[in-house]
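Give me coordinates for this.
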Amino acid sequence: MTLNQFTFFAATAKHGSLTRASQELRISQPSVSQQLRLLERDSGAKLYRRNGKGIELTDAGRLFLDRIEPILEQVEQIKSIFPKREVRTETGHLKIGGTFGPSTLLLPSLAVRFKKTHAEIEIELRTRSVQRLDQLLLNGHVEIAVSTHRPHHPELAWEPFRRQRMVLFVSSAHPLARINKVTLVDVQAFPLVIRYIGGVHGATVRLLNELAGQGLKFKIGMRCEVPDAIKEVVKKNAGIGIVFEDVVKREVERGEFKILQGHGLKLESDTYILYRADRPLSALGQEFLGLLRKVCSGSRRTNGPASVDSSVSDRTTTVIPGGAHSPAWDPVL
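Predicted structure coming up:
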């Protein structure tokens, strides 16, 4: 049990609402809920229950509140005797992170957008694999992150963010790049170049497993740990790559790669916002989280990822499963 959990529980008991408690504490509701679940687990008691208006304390919850209130009062007295000095560096430095897909275009563009209203601050963007990104958050080296995986560590909270589109792409010199309409049978004739990290079932592996369940099996020509390696192999005309669309958007715009599209092959993967569940975000972290949530709500309104620049769609080839008479893919996945 932690002091933060006591604070979260007392605020929730005061308001009778997780939403109002999270607003007072200036942290997300999922973080409050997660910490209360951990508190119940560690105390071994059911402390509250939901009702039609919000939540109410159980008998054990009221007893628990009676015991922790003197502790919280003593903490407030200590704070008044030893006031916390303002840490100026917190207001001038924001550390964010992401897995490789979100870190390619999404997070840099959002960081630039954030800087327009925070010109005096420094933003540090770190890119890591899923496990290493979780460790950066746990160690305090990153305050908020966007990942292609939900965390399993109890001290990390997550929120659904948006769906990122994955694409099959080839070099402009590849035989499929010269065909107007490509079938999945055509794709199966070439090796795939995929991202794979040992022990991690990423979006690409999940996609291929799903297709295998539909009877579609593809040859794997090469497995690479980083997207840049996949692009380099595809550039050498050694196979068909699978990556998040943002990873190859610039090369597609320059005409170096072409994206293969088709009906019935749902190439997309969920992404998540991550942060520490056991401590509040800094003021800058809260503002950046608000920006991410705004992007998330905008994505839901359009029923998919942000629209792709027309220069990208002009350089795509349609994949038709089974033959030329099948309908084309929905352009918004």
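
after the top helix by length along the chain comes which helix or strand?
Longest helix in the chain by number of residues (criterion: DSSP state H): helix 59-81. Using DSSP states H and E, the helix or strand that follows helix 59-81 in sequence is strand 93-98.

got a list of contacts for the helix or strand following that following strand?
As assigned by DSSP H and E, the chain's next helix or strand after strand 93-98 is helix 100-104. Helix 100-104 is contacted from outside by 97, 125, 127, 129, 146-148, 164, 195, 203, 226-227, 243-244, 246-247, 249, 269, 271, using CB atoms under 8 Å, 6 or more residues apart in numbering. Yep, even glycine has a C-beta here, placed from its N, CA and C like the rest.

Contacts only, for the residue sitting nearest the centre point of the chain.
The centre of the chain sits closest to residue 272, judged by CA atoms, centre = their mean, with a distance of 2.6 Å. The contact partners of residue 272, by CB under 8 Å, 6+ apart, come to 146, 147, 148, 149, 150, 151, 158, 159, 160, 161.

Now it, what are its backbone angles?
For residue 272, the backbone dihedrals (degrees, to the nearest 10) come out as phi -140, psi 150.

Please read off the pLDDT at it from the model.
Per-residue pLDDT puts residue 272 at 92.

Could you do residue 307 as well?
Note for residue 307: predicted pLDDT of 33.

same deal with residue 206?
Per-residue pLDDT puts residue 206 at 71.

re the thing from before, next step: the contacts of helix 100-104 restricted to helices.
203, 227, 246, 247, 249.

how near is the last one to residue 109?
I take that to be residue 249. 11 Å (CB to CB, to the nearest Å).

The two - which one has more neighbours?
residue 249 (19 against 13; other CB atoms under 10 Å).

and the helix or strand harbouring residue 33, what's its mean pLDDT?
Assigned by DSSP H and E, residue 33 belongs to helix 29-43. Helix 29-43 shows a mean pLDDT of 84.

for whatever helix or strand comes next after it, packing partners?
Where DSSP H and E defines the elements, the next helix or strand beyond helix 29-43 is strand 48-50. On a contact count with 3 or more CB pairs under 8 Å, 6 or more residues apart in numbering; DSSP states H and E, strand 48-50 meets strand 55-57.

and residue 95, how many neighbours?
So residue 95, with other CB under 10 Å, has 20 neighbours.

now do residue 179
Neighbours of residue 179 (other CB under 10 Å): 14.

Ok, residue 39 next?
21.

isn't it right up against residue 1?
Yes. Residue 39 is within contact range of residue 1, at 6.2 Å (criterion: CB atoms under 8 Å).

picking that back up, what subset of the contacts of residue 272 is buried?
146, 147, 148, 149, 151, 158, 159, 161 (16 or more other CB atoms under 10 Å).

Need the three-state assignment for the last one.
What DSSP: H, G, I helix; E, B strand; the rest coil gives for residue 161 is strand.

Distance check, it against residue 293.
Plainly put, residue 161 is 9 Å away from residue 293 if you go by CB to CB.

Common neighbours of the two, please.
Common neighbours of residue 161 and residue 293 (CB under 8 Å, 6+ apart) are residue 273.

thinking again about what came up before, what is the residue nearest to the centre of the chain paired to in the beta sheet?
residue 147, residue 160 (DSSP bridges).

Next one: it relative to residue 282, how far apart?
20 Å.

next one: residue 151
For residue 151, the distance to residue 282 (CB to CB) stands at 20 Å.

same check, this time on residue 176
48 Å.

of these two, who's got more company?
residue 176 (20 against 17).

For the more buried one, give me its contacts.
Counting by CB under 8 Å, 6+ apart, residue 176 has contacts 170, 182, 186, 187, 190, 240, 258, 260, 317.

So which of those residues are in strands?
170, 182, 240, 258, 260, 317 (DSSP state E).

Out of the residues you listed, which two sit at the greatest distance?
Of all pairs drawn from the ones in strands among the contacts of residue 176, the one with the longest distance (CB to CB) is 240 and 317, at 11.2 Å.

so what's in contact with the two at the same time?
176, 260.

more crowded one of those two?
Ranked by neighbour count (other CB under 10 Å), residue 240 and residue 317 place residue 240 first, with 25 against 20.

That one against residue 222, yeah?
No. Here residue 240 does not reach residue 222: they are 10.8 Å apart, not a contact under CB under 8 Å.

what touches both of those two?
Listed as contacting both residue 240 and residue 222 by CB under 8 Å, 6+ apart are 191, 193.

related to what we said a few turns ago, can you put the buried ones among the contacts of residue 272 in a markdown table and add distance to residue 43?
Compiled in a markdown table, the buried ones among the contacts of residue 272 are given as follows (distance: CB to CB, whole Å):
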| residue | distance to residue 43 |
| --- | --- |
| 146 | 33 |
| 147 | 30 |
| 148 | 34 |
| 149 | 30 |
| 151 | 23 |
| 158 | 24 |
| 159 | 26 |
| 161 | 32 |
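
Could I get the average pLDDT for stretch 97-111?
In the prediction, stretch 97-111 has an average pLDDT of 89.

for that stretch, the distance to its chain's centre please.
10 Å (CA atoms, centre = their mean, to the nearest Å).

Tell me the buried residues in it?
Result for stretch 97-111 [16+ other CB under 10 Å]: buried residues 97-107, 110-111.
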